[in-house]
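> coordinates only, sequence not included:
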């Protein structure tokens, strides 16, 4: 992610300085100011929080301190201790290990959802925004209708058509998340399609495909990036919400949402069972929104705004 | 008037499309309804009779026509899962009828809380020059927005229900028996729905007000001798409320969605819980009606927002 940002730094500056400065912006506005500039505190906090979550989540795929499914009658509901930093649940399973696994699952699902819907959003948004016409009209009517809708309801409907389970969660969430990406990408393509440098590219008979994805696409990344960040956060919330409702990742696989719904019954005797996975979700979402806020501010500063 | 007419036509068109989509989508699902109602032991004659009774032998479009006509007359169909007694199927209307008030009251309470808290908070936030308050509110609202509603529900249960004992978790009181007690219990789910929305709305109002405060008419108001309070409430707030109204419209749509989850957390017998359980038991007649109902609420709220907008700002055509 970091690499990607650096590579695009020049383009980013360009977005804020306006279209005319495409080439100039690439050389002057971006790179020079970024060097030697300190990260702002949002970015710092965001990177630290997200970093810890990502490391734990990725590690959770390969190794957890205890098995995530091993039950132990002797250690039911033991509170947080040195042996079990976050305590154990109603089956005596180590909560820390399960949180690690759940974090990984949530992040993988959310990333896949954002990737699929972002890609679909780019393709649809680029074509509809650049060419306009009937296709544009049709796609916009549909996205307008879908956008106004509570996303959880839509996901529920699609889930009820497809059935529960991991793939279906990814498919339904991707479908639900696509319209917001289409809308943003389309708006940017409309803004840029009549820009001088695009007109010039057309005059030079650059192919349509090349104009769309080589000339315009890099210039919308700073805007697109923000919506990807928001989308990722919403995906985390939606995924955990669905597994909380029991229609997402199915037990015995751990997910933050289904840990919460299991733990709810023991709120009185073992509050940590619910607090730990819940706070983990908050940590993840908060970290990521601080991270995106940080990037946004950093980017705005770069072009001198 | 022309504006209103156009909006109403769009409203009806959308409802029609959604109802068709909701109905037809559930027709393509594999799985035989009849055998799931009667079980695998039933005789073929019995199955055939039920199929005829439910109208499952007609082509999908005919069935949609019948269903839509029924809905318009107030006949919402019958549930596949619930039955009144051995011989009678449960009508969907009856099933939804006594769950609807729960969800409606929950939504009303939540919206009331959101409006009552977020608007003063947003104004206070925009007015205060204090950097400490600004930073504190910034952090608090950011953190609140990161809490998913179901976890907030659990936190509220834990804090108010178990630690402070202000209410008994799971001790839902029916509105038929004890209305004040019902509202009292509902207050806590409403808080869980409202808190993140309060944070969002307050932030939004504050930003909107700060933008307005930089505009020319504010300078003019000051220069003709208006006091700070007057400028704030009579000039800035009015203009800053415009986008907030739209925002609140979106919030209502989200409250409807949020209540689906929060009803589950607090064990409220509302339509959200009915929707979830009907989805997992594939009780499609109920699901179709609920989707149609929620869509109607959402679209109607957007419609109201449009109309309200026009009333507040006559410049919009």
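Looks like it arrived, so ask away. All figures in this text were calculated on a predicted structure; none of them were measured in a lab.
> who are the contact partners of the closest residue in space to residue A:117 that isn't next to it in sequence?
Nearest non-adjacent residue to residue A:117, counting by C-beta to C-beta, 6 or more residues apart in numbering or on different chains: residue A:177, 3.8 Å away. The way it works is simple: take the backbone N, C-alpha and C, and place the C-beta from them, glycine included. The contact partners of residue A:177, by C-beta atoms under 8 Å, 6 or more residues apart in numbering or on different chains, come to A:113, A:114, A:117, A:151, A:231, A:234, A:235.
> 6 Å instead, please
By C-beta atoms under 6 Å, 6 or more residues apart in numbering or on different chains, residue A:177 lies in contact with A:113, A:117, A:231.
> among the residues you listed, which are in helices?
Assigned to helices by DSSP state H, the following of these qualify: A:113, A:117, A:231.
> so who does the first one touch?
Yep, that's residue A:113 we're talking about. Residues near residue A:113 by C-beta under 6 Å, 6+ apart: A:170, A:173, A:174, A:177, A:235.
> are any of those residues buried, and which?
Among the contacts of residue A:113, those classed as buried by 16 or more other C-beta atoms under 10 Å in any protein chain shown are A:170, A:173, A:174, A:177, A:235.
> skipping adjacent residues, who's closest to the third one in space?
Pointing back at residue A:174 there. Once flanking residues are discounted, residue A:174 sits nearest to residue A:116: 4.0 Å by C-beta to C-beta, 6+ apart.
> need the residues of chain A near chain B, please.
A:150, A:152-153, A:156, A:160-161, A:237, A:241, A:244-245, A:264, A:267-268, A:271, A:274, A:278, A:281-282, A:285-286 (C-beta under 6 Å from any C-beta of the partner chain).
> now do 7 Å
Contact residues (C-beta under 7 Å from any C-beta of the partner chain) of chain A with chain B: A:145, A:148-150, A:152-153, A:156-157, A:159-161, A:237, A:240-241, A:244-245, A:260, A:264, A:267-268, A:271, A:274, A:278, A:281-282, A:285-286, A:289.
> so can I have JSON lines of the ones in helices among the contacts of residue A:177 showing pLDDT?
Output for the ones in helices among the contacts of residue A:177, formatted as JSON lines (pLDDT from 0 to 100):
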{"residue": "A:113", "pLDDT": "94"}
{"residue": "A:117", "pLDDT": "94"}
{"residue": "A:231", "pLDDT": "89"}
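> what's around residue A:134, how many residues?
8 (other C-beta atoms under 10 Å in any protein chain shown).
> how about the helix or strand hosting it: buried residues?
Taking DSSP states H and E as the definition, residue A:134 sits inside helix A:133-147. Buried residues in helix A:133-147, defined by neighbour count with 16+ other C-beta under 10 Å: A:136, A:139, A:140, A:143, A:145, A:146.
> for the next helix or strand after that helix, give the mean pLDDT please.
As assigned by DSSP H and E, the chain's next helix or strand after helix A:133-147 is helix A:151-162. Helix A:151-162 shows a mean pLDDT of 79.
> show residues contacting helix A:151-162.
For helix A:151-162, the external contacting residues (C-beta atoms under 7 Å, 6 or more residues apart in numbering or on different chains) are A:146, A:168, A:171-173, A:175-176, A:238, A:241-242, A:247, B:25, B:29, B:257, B:260-261, B:275, B:279, B:287, B:291, B:294.
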